[in-house]
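In: sequence first, then the predicted structure:
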Amino acid sequence: MRWRLVDAEEGLVAGCAAVDGLFSGPLAAPPVERYTFLGVVPAGPLAAATPGTWLGNVYVEDATDNPLSAPLLVDLTVLGVLPSTLAPGLLDVDLEGRLHPGDRAIADRRPGPGGFRLTGGRPGEVRLGRCIDVGGVFRERPAPHPTDVVLRGCRPGPVLAAAVAAQAEGRFRQAGIVAEVYSSGPRGLAPTRIQLDGRVARAETGPGGRLDVTLVDALEEPLPAGAEAIWDLWQSGGPATANLWAGHDRDLRDAWSMAAMSHHRHRGPDRTGGTIELDGAHVTDVEGFCCAIGEAVNGPGGYFGGDLDALHDCLAGGFGARPPFRLVWHDAAVARQRLVADYDRRRWDSGVTFDILTGLLEEHGVILELR
């Protein structure tokens, strides 16, 4: 049973040999949309904007300071700047960009009247002005359609057995299940952070009396295609040597860090002082740095943060090492050359640079030795 499905009460829904459809990502990029800032009093970069000006990311903040109503528009380019139709002396700015994929629910709800503040970077960081209204931002968008999954070789627990029986009897409203997916291996259960929420549509008996159960509309955010081999590795005991992640692209390096985090089992006091050696030969992106520092601190398959926020948390202690310590970064020139200022269309944000990484480490008391 490589996979366990567990409900909110931590009861066993099923044990499965495979979950077809679990590894079918990544999700599509958010679609390109058109927006209009209406009645703009521009400031900063927006004041000098002309057609073709790239603004990057812009928060549309409710001027009434409602913290729940600040959707982030990403990768914005100005299409046109015209005198406003709302008030003399103001501007209307047409733009093309995307809504950040995490903000669809925010943008479904239009805030009350009061106008908007426009800011770049983090909320309030770079003032771009204010506007009376916005067009194209606050509206309902089609929800991503969940995909079906097939639970192969199942041993159903009471919840799934009841759902299968309900489907067979035509009681379709009682045929649904909600469960978290866990990986099962020599290190115990590890959460995938994937939830299945679907309805039993079919159940067939296979070899040994185990069931193959089809759940419809069950999965909204699958793991990346190709990540199954990463989870297979941990289900077989975990990586035995370092740098097995090195041949992966950014999506799969991120999936590697997620699997490493799920299997992290640090016990005992953190190391402090001494020297930690980081192999930087494959640090060509921030995801590679996270894989490399995880293994530098905690050995092959180790975890020490999957992004900058998580790295900040790990440096505070509880994950195997706590500054001060010396970090000898071998082949640092690789990261210095590749981690440069740019816009990152995987993260929809400014790129993480070599200087940002080294600054964060030194800010937390890490003594860097770059080789």
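Out: Perfect, I can see it now. Note that the structure is a prediction, hence the values are computed from the model and not measured. Residues are numbered from 1 along each chain as shown.

In: and Gly56, how many residues sit next to it?
Out: Here the number of neighbours of Gly56 (other CB atoms under 10 Å) works out to 18. Just so you know, the C-beta spots here come from the backbone N, C-alpha and C atoms, and that holds for glycine as well.

In: meant to ask about Ser257
Out: Neighbours around Ser257, by other CB under 10 Å: 24.

In: that one contacts Gly294, correct?
Out: Yes. The pair Ser257 / Gly294 is scored as a contact, 6.7 Å apart, by CB atoms under 8 Å.

In: shared neighbours, those two?
Out: Residues touching both Ser257 and Gly294 (CB atoms under 8 Å, 6 or more residues apart in numbering) are 303, 305.

In: need the contact partners of the helix or strand where Ala105 lies.
Out: Secondary structure from DSSP states H and E places Ala105 in helix 104-107. With contacts defined as CB under 8 Å, 6+ apart, helix 104-107 is touched by 68-71, 99, 137-139, 141, 143.

In: narrow those to those in strands?
Out: Leu99 (DSSP state E).

In: looking at this protein, which residue lies furthest from center?
Out: What lies farthest from the middle of the chain is Pro88; by CA atoms, centre = their mean that is 43.3 Å.

In: what score does that one have for pLDDT?
Out: Here the pLDDT value assigned to Pro88 is 95.

In: surely it is in a helix?
Out: No. Going by DSSP: H, G, I helix; E, B strand; the rest coil, the assignment for Pro88 is coil, not a helix.

In: how near is it to Pro224?
Out: For Pro88, the distance to Pro224 (CB to CB, to the nearest Å) stands at 52 Å.

In: hang on, isn't His263 packed against Ser236?
Out: No. Between His263 and Ser236 there is no contact under CB under 8 Å: 12.0 Å.

In: give the residues shared as contacts by the two.
Out: With CB under 8 Å, 6+ apart, His263 and Ser236 have common neighbours Gly185.

In: more crowded one of those two?
Out: Applying other CB under 10 Å to His263 and Ser236 shows that His263 carries more neighbours, namely 23 against 12.

In: OK, contacts around the nearest residue to Pro30 once chain neighbours are set aside?
Out: In this structure, Pro30 finds its nearest non-sequential neighbour in Arg98, 4.3 Å apart by CB to CB, 6 or more residues apart in numbering. Shown in contact with Arg98 (CB under 8 Å, 6+ apart): 29-33, 73-75, 348.

In: also Ala175?
Out: Ala175 touches 163-164, 166-167, 199-200, counting by CB under 8 Å, 6+ apart.

In: which members of those are the farthest-apart pair?
Out: Val164 and Arg199 (11.0 Å; CB to CB).

In: can you show me the helices along the stretch 201-350 of the chain?
Out: 228-235, 250-262, 286-298, 308-315, 332-338 (DSSP state H, counting those that start in this stretch).

In: returning to that earlier point: buried among the contacts of helix 104-107? Need that as a selection in PyMOL.
Out: Command for PyMOL that selects the buried part of those, burial taken from 16 or more other CB atoms under 10 Å:
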select buried, resi 69+70+71+99+137+138
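
In: can you redo the contacts of helix 104-107 as JSON lines with pLDDT and distance to Arg130?
Out: Shown next, in JSON lines, are those (pLDDT from 0 to 100; distance: CB to CB, whole Å):
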{"residue": "Leu68", "pLDDT": "59", "distance to Arg130": "19"}
{"residue": "Ser69", "pLDDT": "68", "distance to Arg130": "15"}
{"residue": "Ala70", "pLDDT": "86", "distance to Arg130": "13"}
{"residue": "Pro71", "pLDDT": "91", "distance to Arg130": "16"}
{"residue": "Leu99", "pLDDT": "96", "distance to Arg130": "20"}
{"residue": "Val137", "pLDDT": "94", "distance to Arg130": "15"}
{"residue": "Phe138", "pLDDT": "92", "distance to Arg130": "16"}
{"residue": "Arg139", "pLDDT": "91", "distance to Arg130": "21"}
{"residue": "Arg141", "pLDDT": "89", "distance to Arg130": "25"}
{"residue": "Ala143", "pLDDT": "82", "distance to Arg130": "31"}
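
In: among the contacts of helix 104-107, which one sits closest to Cys290?
Out: For the contacts of helix 104-107, the nearest to Cys290 is Leu99 (26.6 Å; CB to CB).

In: beta-bridge partners for that closest one, please?
Out: Counting by DSSP bridges, Leu99 is bridged to Leu73.
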